[in-house]
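Engineer: Here is my input, please return the structure:
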Amino acid sequence: MSPIELDYRPHLPQNLQVPIGCIGSGFVVSDCHLPAYASVGFQVAAIASRTPGRAASVAEKFGIARAHHGYESLLADTNLRVCDIAVPPAIQPGIIFDILRTAPHIQGILAQKPLASSLAEATVIVDACQKAGVCLVVNQNMRYDQSVRSAQSLLKAGVLGEIVLATIDMRAIPHWMPWHEHLGWLTLRIMSIHHLDTFRFWLGEPERVFASVRPDPRTEKEFPHVDGICLYILEYQSGARASSWDDVWAGPAREGAASDLGISWRIEGTKGMARGKIGWPEFPRHAPSTLEWTSITTGNSWHAPRWSEAWFPDAFAGPMAELLTALESGCEPDLSGRRNLGTMALVDACYRSAHEHRAVEPFATV
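Structural biologist: Purely as a prediction, here's the structure:
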């Protein structure tokens with residue numbers, strides 16, 4: 001048992017029955033969003049897809065009352081109050097603007113990360129939602145990985161002291177989707193964005209970032225890209241440093257060699273250390289992330305709390321819980337579109353740094 005209370009579960013709204021409409025019925029909805037929502041009791045009332053058979057199949061599996069061919073008919077359903085968007089990033093901004101233009105009954109939007117293809121485009125979306133009075137939340141769900149959130153509890157409790165160094169080491173081979181092929185960018189906006197957002201969650205806003213990228217040899221054969229393997233260092237005014245090695249090649253594991261895949265993280269402070277492993281690379285096997293920590297405030301030992309929940313799918317309830325709670329309270333959620341601009345700024349700064357071969361100061365008003 002941990003001597004520190006770890007606040008790793010989402011804080012649920014009082015009203016779980018706010019009618020949600022899902023736009024998209026692919027993997028992230030059917031295997032992540034909907035199982036997580038069902039586990040906590042959220043009410044998904046409708047689902048839309050460009051593939052009618054797919055929407056109907058997912059609706060039947062999860063007991064969703066209405067399946068729509070195309071999101072336009074879903075938006076006409078005035079019983080809905082929240083839209084959960086899970087589509088490729090090139091399509092997402094247009095859907096958000098259509099919601100603001102045609103569906104005044106929608107009070108909240110949960111959008112996927114990346115919110116847009118650049119900080120400038122994301123800022124336009126955030127401003128439009130704010131002007132319309134619509135609560136926008138971005139689905140940065142790694143903040144709800146149980147080990148990541150538990151680490152934040154340790155940081156808040158002060159048992160690690162002043163932070164010296166935080167690192168994430170990702171050696172994993174993602175399943176790139178067909179829509180990735182036409183973007184011109186890859187890992188920084190799809191995978192690294194999770195880690196950059198996690199560093200902001202843990203340590204706040206960095207002063208500058210230095211990034212270096214190269215193509216992934218495997219994926220480069222399928223489509224051209226610059227940012228396959230991504231390395232970056234964040235510098236903080238406090239003196240803390242954070243760094244991630246985002247390796248989506250991880251050796252020729254798909255080409256016949258043995259594999260050594262996984263994601264680990266570590267935080268070192270003046271009073272203690274914490275380390276963890278992320279269970280996501282083992283999905284669809286249910287693999288909870290882990291945490292171990294030690295501190296001079298609790299003696300010469302390692303504490304190793306455990307839980308049954310896993311990032312995939314359980315953490316996906318967190319961003320929706322933030323949105324529904326914000327609609328109840330009127331308070332800005334931690335994952336609001338406005339606050340997410342800091343993460344978008346970091347991603348853009350990484351691209352600029354890698355291109356110019358120098359450290360870059362992120363630029364955003366958050």
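Engineer: Please tell me how far the host helix or strand of Arg54 is from the chain's geometric centre.
Structural biologist: For Arg54, the host element (DSSP states H and E) is helix 52-62. With CA atoms, centre = their mean, to the nearest Å as the basis, helix 52-62 stands 25 Å off its chain's centre.
Engineer: The helix or strand following it - what's its average pLDDT?
Structural biologist: Next helix or strand after helix 52-62 toward the C-terminus (DSSP H and E): strand 66-69. Averaging pLDDT along strand 66-69 gives 95.
Engineer: Now do the buried residues in strand 66-69.
Structural biologist: 66-68 (16 or more other CB atoms under 10 Å). Bear in mind the C-beta positions are built from the backbone N, C-alpha and C, glycine included.
Engineer: same thing with stretch 320-332?
Structural biologist: Neighbour-count burial for stretch 320-332 flags 320-327 (criterion: 16+ other CB under 10 Å).
Engineer: now the helices for the stretch 201-350 of the chain?
Structural biologist: In the stretch 201-350 of the chain, helices defined by DSSP state H, counting those that start in this stretch lie at 217-220, 317-329, 337-356, listed in chain order.
Engineer: what's the spacing between the longest one and its chain's center?
Structural biologist: Relative to the centre of its chain, helix 337-356 is centred 15 Å away, using CA atoms, centre = their mean.
Engineer: Let's check: the centremost residue of this protein is which one?
Structural biologist: With distances taken as CA atoms, centre = their mean, Gln140 lies nearest the centre of the chain, 2.4 Å away.
Engineer: How about the contacts made by it?
Structural biologist: For Gln140, the contact set (CB atoms under 8 Å, 6 or more residues apart in numbering) comprises 113, 193-194, 197, 319, 335, 340, 343.
Engineer: try 10 Å this time
Structural biologist: Residues near Gln140 by CB atoms under 10 Å, 6 or more residues apart in numbering: 112-115, 193-194, 196-198, 200-201, 318-319, 334-335, 339-340, 343.
Engineer: Check Arg66 too.
Structural biologist: If you count contacts by CB under 10 Å, 6+ apart, then Arg66 has 21, 44-48, 55, 59, 73-74, 77, 79-80 around it.
Engineer: Now the residue nearest to the centre of the chain. Its backbone dihedrals?
Structural biologist: phi -80, psi 80 (degrees, to the nearest 10).
Engineer: What score does the spatially closest residue to it that is not a sequence neighbour have for pLDDT?
Structural biologist: Nearest residue to Gln140, sequence neighbours excluded (CB to CB, 6 or more residues apart in numbering): Asp197, at 4.6 Å. Note on Asp197: pLDDT of 98.
Engineer: try Pro313
Structural biologist: 97.
Engineer: I'd guessed it sits against Gly279; true?
Structural biologist: No - contact criterion CB atoms under 10 Å: Pro313 and Gly279 do not qualify, at 11.4 Å.
Engineer: what residues are shared contacts of those two?
Structural biologist: By CB under 10 Å, 6+ apart, the residues touching both Pro313 and Gly279 are His286.
Engineer: Look at Asp84 and give its secondary structure.
Structural biologist: Assigned by DSSP: H, G, I helix; E, B strand; the rest coil, the conformation of Asp84 is strand.
Engineer: For it, list the residues it contacts.
Structural biologist: Going by CB under 10 Å, 6+ apart, Asp84 touches 20-24, 29, 33-34, 37, 42, 44, 47, 108-112, 137, 139, 316, 319-320, 323.
Engineer: Sort out for me which of the residues you listed are in helices.
Structural biologist: In this view, the contacts of Asp84 that belong to helices under DSSP state H are 34, 37, 319-320, 323.
Engineer: With pLDDT and distance to Tyr351 added, can I get those in TSV?
Structural biologist: Formatted as TSV, the ones in helices among the contacts of Asp84 follow (pLDDT from 0 to 100; distance: CB to CB, whole Å):
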residue	pLDDT	distance to Tyr351
Leu34	98	33
Tyr37	98	33
Pro319	98	25
Met320	98	29
Leu323	98	28
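Engineer: How about Phe223, nearest residue that isn't a chain neighbour?
Structural biologist: Glu181 (4.1 Å).
Engineer: sec struct for Ser192, please.
Structural biologist: Here Ser192 takes the helix state, with states given by three-state DSSP.
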